[in-house]
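# sharing a model prediction with you, sequence too.
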Amino acid sequence: MALPLAFFGIFFAYPVAAIVARGLRTSAGDWRSERLTQVLSDADTLHVLWFTVWQAAASTACTLALALPAAYVFARFDFPGKQVLRAVVTVPFVLPTVVVGSAFLALLGRGGVLEEWAGLRLDTGVWAILLAHVFINYAVVVRTVGGLWAQLDPRQEEAARVLGASRFTAWRRVTLPALAPSVAAAALIVFLFTFTSFGVIQVLGGPRYATLEVEIYRQTAALLDLPTAAVLTLIQFATVIALLAVHARTVRKRQSALSMVPAEQTARRPRGRAQWALLTAVLTVTALLILVPLTVLALRSLDGPDGYGLANYRALGRTSDTATTAATFTVPPVDAIGNSLAYAAVATLLALVTGGSAALGLTVRNGTRDGAEASGTGAGSGTGRGAGRLVRSFDSMLMLPLGTSAVTVGFGFLVALDEPPLDLRSSWMIVPVAQALVGVPFVIRTMLPVLRAVDPRLREAAAVLGAPPLRVWREVDLPMVGRALLVAAGFAFAVSLGEFGATVFIARPDAPTLPVAVARFLGRAGEVNYGQAMAMSTVLMLVCAATLLALERIRTHPSGEF
């Protein structure tokens, strides 16, 4: 656990603490405690807080309403193209939020497809934000709930039907209680992601709508009001910790004893009109919600000044087609593709080393705790419970970067990492380090279930035969978790490629990443800039889709972990 603790302490806790302290301490070293009261009593701040909570709750409710039927279909039905479609619905989750904003801008915004066909625009209200959030988080519910649903033994529900229960009663009394912790965990994750939403609100929200994350960015980058930004960061941080604590409890409930069977045994072809109608409805909703925005994004990237073609893509190789393009980039925009791939590769390596160490540490500690509790001794049980609480706290701490303000982390890097031996502001490594912070939780969540499934007696037998710990890991664990390691690497690569909130602060103008380049193009007026933003967004979408399609072919452990 030493490596992940050091990594998170230096590159997460220290920058966040530094930026908060910079905002809440005076030059004399006194704390500005009155600032907390001032910010919380401000009407604008209360409006931002209310909108942040409201839109997160509404987004979560809409996501559950649309995704739970899809989770059932993916879990219980077998149909052609299921594996490909499962990968496609996951693409929005790993896409940069600015790219999602671009897609819905092309679909619902000024001059968008909806305005051309129906004369309607939805980007001026909250509906575009809610739809974009459902688009992003649809896969969270499908994979988290559907993964568990696929392994629930259907014979339990069938037994209830034989005993006289109706189909709905059997589902309500048997299946729903088993799914409830998984549904709650998925809902909490969706709420967490939408509560800290930044890119989508930045592109689609406009001046009328702002979440805490957007307001932190405005106070930091535009107004340079660090005290207000620090207070808002603390509010967000406290909320995230509370949500993660509740999530940890729901995950522990989800791990209670259930009658589980291999997922391959529960999926079958739909039977009867009702099941075929449900499958058709789910596929229609999925196509409208997922495929249409992605298709519109690709088509807009081909719509150049002279009609459909590759003009927008060719323009990415030049720096000075227009004065605005020259002012935006000092290098050809196409260089952002190479920069992003290189940064994401390094970030993936960092995430694998750090997250793999953390997952292994959590597994070993968990095995020791289980053994102590199984012994039945008072001291052993007490020690086991203490170790269990320590492990759960460590596990939750490693999830914090997913819900903490990426804006705060990015600006904290500039403030805190400015002196040797941690002067990284001028180093290219600062970007992969920030991206790795987001990738580590995905590595842990992917590898942990597989590591916990390894029979500890295999490790013990190797140790008895004289193998040191490193060799035990190399010859026992690694062959069994190799495919999970590849899946973890793919997820880390995809989310690193799309990281935006922190990178927008620390990416150098001569080495922009793809998400930063897209945001800069969208921030400039002109048809050429808009077309190039669509082209770069499409490139990102295709890279993420290719990565996820490859991961779906080697996916190994459908246990309900995302």
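Happy to help now that I have it. Numbers count the residues shown, from 1 in each chain.

# using the three-state scheme, assign Thr90.
helix (DSSP: H, G, I helix; E, B strand; the rest coil).

# my read: it touches Leu549, true?
No - Thr90 is beyond contact range of Leu549, at 9.6 Å (criterion: Cβ atoms under 8 Å). Quick note: C-beta positions are derived from backbone N, CA and C, even for glycine.

# ok, the two, which is more surrounded?
Ranked by neighbour count (other Cβ atoms under 10 Å), Thr90 and Leu549 place Thr90 first, with 26 against 17.

# contacts only, for the more buried one.
Ala139, Arg143, Leu548 (Cβ atoms under 8 Å, 6 or more residues apart in numbering).

# with only the CA atoms kept, save the helix or strand where Ala436 lies in PDB.
For Ala436, the element it lies in under DSSP states H and E is helix 430-453. Taking Å, rounded to 0.1, in the frame of the first residue of the first chain, the C-alpha atoms of helix 430-453 are listed here in PDB:
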ATOM      1  CA  ILE A 430       2.700  16.800 -15.200                       C
ATOM      2  CA  VAL A 431      -0.100  15.900 -17.700                       C
ATOM      3  CA  PRO A 432       0.300  12.100 -17.400                       C
ATOM      4  CA  VAL A 433       0.400  12.300 -13.600                       C
ATOM      5  CA  ALA A 434      -2.900  14.200 -13.600                       C
ATOM      6  CA  GLN A 435      -4.500  11.800 -16.000                       C
ATOM      7  CA  ALA A 436      -3.200   8.800 -14.000                       C
ATOM      8  CA  LEU A 437      -5.100  10.000 -10.900                       C
ATOM      9  CA  VAL A 438      -8.400   9.400 -12.800                       C
ATOM     10  CA  GLY A 439      -7.200   6.100 -14.300                       C
ATOM     11  CA  VAL A 440      -6.200   4.500 -11.000                       C
ATOM     12  CA  PRO A 441      -9.800   3.900  -9.600                       C
ATOM     13  CA  PHE A 442     -10.700   2.100 -12.800                       C
ATOM     14  CA  VAL A 443      -7.700  -0.200 -12.600                       C
ATOM     15  CA  ILE A 444      -8.600  -1.000  -9.000                       C
ATOM     16  CA  ARG A 445     -12.300  -1.600  -9.700                       C
ATOM     17  CA  THR A 446     -11.400  -3.900 -12.700                       C
ATOM     18  CA  MET A 447      -8.600  -5.900 -11.000                       C
ATOM     19  CA  LEU A 448     -10.000  -6.200  -7.500                       C
ATOM     20  CA  PRO A 449     -12.800  -8.700  -8.200                       C
ATOM     21  CA  VAL A 450     -10.500 -11.000 -10.200                       C
ATOM     22  CA  LEU A 451      -7.800 -10.900  -7.500                       C
ATOM     23  CA  ARG A 452     -10.300 -11.700  -4.800                       C
ATOM     24  CA  ALA A 453     -11.500 -14.700  -6.800                       C
END
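
# right, and the helix or strand after that helix?
helix 456-464.

# so which bits of that next one are buried?
Within helix 456-464, the residues that count as buried by 16 or more other Cβ atoms under 10 Å are Pro456, Arg459, Ala462.

# element containing the residue nearest to Val440 when sequence neighbours are not counted?
Leaving out its chain neighbours, the residue that sits closest to Val440 by Cβ to Cβ, 6 or more residues apart in numbering is Gly355, at 4.2 Å. Gly355 is part of helix 335-375, with elements assigned from DSSP H and E.

# so where's the stretch 351-500 of the chain shaky on pLDDT?
364-392 (pLDDT under 70).

# and if you look at the stretch 151-300 of the chain?
206-207, 250-265.

# same thing but at 90, please
151-190, 192-275, 286-300 (pLDDT under 90).

# mind listing the helices for it?
154-162, 167-170, 176-195, 199-204, 212-217, 226-254, 272-286, 292-302 (DSSP state H, counting those that start in this stretch).

# report the buried residues of the shortest one.
Going by neighbour count (16+ other Cβ under 10 Å), the buried part of helix 167-170 is Ala170.

# cool, and the last one?
For helix 292-302, the neighbour count (16+ other Cβ under 10 Å) marks Pro293, Leu294, Val296, Leu297, Ala298, Arg300, Ser301, Leu302 as buried.

# ditto for the first one
Neighbour-count burial for helix 154-162, with 16+ other Cβ under 10 Å as criterion, is recorded at Pro154, Glu157, Ala160.

# so who does the residue nearest to the first one when sequence neighbours are not counted touch?
When you say that, I think you mean Pro154. The shortest distance from Pro154 to any non-neighbouring residue, by Cβ to Cβ, 6+ apart, is to Thr266 (5.7 Å). Each residue near Thr266 by Cβ under 8 Å, 6+ apart is listed here: Ala75, Arg76, Ala150, Gln151, Leu152, Asp153, Pro154.

# and these as a markdown table, adding distance to Gly109?
Shown next, in a markdown table, are the contacts of Thr266 (distance: Cβ to Cβ, whole Å):
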| residue | distance to Gly109 |
| --- | --- |
| Ala75 | 35 |
| Arg76 | 38 |
| Ala150 | 38 |
| Gln151 | 42 |
| Leu152 | 42 |
| Asp153 | 47 |
| Pro154 | 45 |
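
# what subset of those residues is buried?
Burial by neighbour count, judged by 16+ other Cβ under 10 Å, picks out Ala75, Arg76, Ala150, Gln151, Leu152, Asp153, Pro154 from the contacts of Thr266.

# which of these lies closest to Phe8?
Gln151 (32.2 Å; Cβ to Cβ).

# and stretch 155-174, how far out from the chain's middle?
Using Cα atoms, centre = their mean, to the nearest Å, the mean C-alpha position of stretch 155-174 is found 36 Å from that of the whole chain.

# how about the host helix or strand of Ile136: buried residues?
Assigned by DSSP H and E, Ile136 belongs to helix 127-149. Going by neighbour count (16+ other Cβ under 10 Å), the buried part of helix 127-149 is 128-149.

# how much does that helix deviate in direction from helix 272-286?
Interaxial angle, helix 127-149 versus helix 272-286 (axes from the mean of the first three to the mean of the last three Cα atoms, to 10 degrees): 130 degrees.

# what's the mean pLDDT across helix 127-149?
Confidence over helix 127-149 (mean pLDDT, whole number) is 87.

# does anything pack onto it? Which helices or strands?
helix 43-76, helix 82-94, helix 97-108, helix 176-195, helix 199-204 (3 or more Cβ pairs under 8 Å, 6 or more residues apart in numbering; DSSP states H and E).

# now for Glu475: which residues touch it?
Glu475 neighbours (Cβ under 8 Å, 6+ apart): Ala462, Ala467.

# tell me how far it lies from Pro469.
According to Cβ to Cβ, to the nearest Å, Glu475 and Pro469 sit 11 Å apart.

# and Gly466, what helix or strand is that in?
Counting by DSSP H and E, Gly466 is held by no secondary-structure element, helix or strand.

# check Pro421 too.
Per DSSP H and E: Pro421 is located in neither a helix nor a strand.

# how near is it to Ala342?
Counting by Cβ to Cβ, the gap from Pro421 to Ala342 is 24 Å.

# picking up where we left off before, hmm, Leu437 and the residue nearest to Val440 touching each other?
No - between Gly355 and Leu437 there is no contact under Cβ under 8 Å: 10.5 Å.
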